[in-house]
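*Asks:* have a look at this prediction, sequence included:
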Amino acid sequence: MKRALARLILWVGIGATVLLSLGPFVWFATTSLKTPVEITSVPPRFWSSGTLEPYRSALVHHGLGGYMRNSAIVAGGTTIVTLAFASLAAYALARLRVPGHRLLLLAVLAAAMFPQIAIAGPIWRVLRALGLLNTHAGLVIPYVSLTLPLAIWLLASFFRELPLELEEAARVDGCTRLGALVRVVAPVAAPGVFTVAILVFVYAWNEFFFALLVLSDPSKHTLPVGIALFPGQYTMPWGEIAAASVAATLPLIMLVLLFQRRIVSGLAAGAVKG
């Protein structure tokens, strides 16, 4: 009896968690298929007529396709640059005899805890001095600075768990340390590298503050800023906003569902030791 009650409580808890997690997305998904009359009806209507007009309007009149392209460019560039630098730094901290490497790792992690507003001013001045304001390259720079600490911390844990004998065998065969990293370590650490890549990509795809600060040209806006600034002459276009939000979220959901086993195995691989 007690076991059955415990299982019932467990399943109720799981159901409540799933409902709370999926509830907002389901609400936006149904809203994106409603007409303006259905959206503003009182009392609220939980069903929709199934119209695709909000999606067409978001694409044709609000430039949703351009925002998605801009986000893909920025998120992809951030992921590539972050992984390139984080892999080298994490390998050095995990394998080389760097004095105070544990303190360095703590300092790296502490750097990721600075609030964005505290570094907004200096970053804006640096980008203005470099002539990179209102450019996608200028947006990649702060994104890399924000994602690099966590990427180094995670990759250092992954590299530390790999057998040292693999690298020693590669060195005996004539590989340099960089060659061993590229040819031996990186393929073996692929689950961890892939996990970090997903985390960095999701962050850059969803980030709003620096995208609003750096980019002023509407044609260069990323998805979060573009959706937030959807124009409405007399009312807010809630249907188009919901459709754009669904279109922005679906790629991330599909990406995580498609590679969930790699993500879980990568996180588990880096959690064996501290």
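*Replies:* Done, it's in.
*Asks:* all contacts plus neighbour counts: C-alpha atoms, from now on.
*Replies:* Noted.
*Asks:* run the chain-centre distance for stretch 19-28.
*Replies:* 20 Å (Cα atoms, centre = their mean, to the nearest Å).
*Asks:* repeat for stretch 72-80
*Replies:* With Cα atoms, centre = their mean, you get 10 Å for stretch 72-80.
*Asks:* quick one: mean pLDDT for it?
*Replies:* Mean pLDDT, computed over stretch 72-80, is 96.
*Asks:* other residues contacting that stretch?
*Replies:* 136-137, 139-141, 143-144, 197, 200-205 (Cα atoms under 8 Å, 6 or more residues apart in numbering).
*Asks:* quick one: which of those residues has the most company?
*Replies:* The most crowded member of the contacts of stretch 72-80, judged by other Cα atoms under 10 Å, is residue 204 (27 neighbours).
*Asks:* phi first, then psi, for the closest residue to that residue other than its chain neighbours.
*Replies:* Nearest residue to residue 204, sequence neighbours excluded (Cα to Cα, 6 or more residues apart in numbering): residue 75, at 4.8 Å. Main-chain torsions, residue 75, degrees, to the nearest 10: phi -70, psi -40.
*Asks:* burial measure for residue 75, as a count.
*Replies:* 25.
*Asks:* returning to what we had before: dump the contacts of stretch 72-80 to CSV, plus distance to residue 214 and secondary structure.
*Replies:* Formatted as CSV, the contacts of stretch 72-80 follow (distance: Cα to Cα, whole Å; DSSP: H, G, I helix; E, B strand; the rest coil):
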residue, distance to residue 214, secondary structure
136, 9, helix
137, 10, helix
139, 6, helix
140, 10, helix
141, 11, helix
143, 11, helix
144, 14, helix
197, 23, helix
200, 19, helix
201, 19, helix
202, 19, helix
203, 16, helix
204, 14, helix
205, 15, helix
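*Asks:* what is the nearest of those residues to residue 21?
*Replies:* residue 202 (17.2 Å; Cα to Cα).
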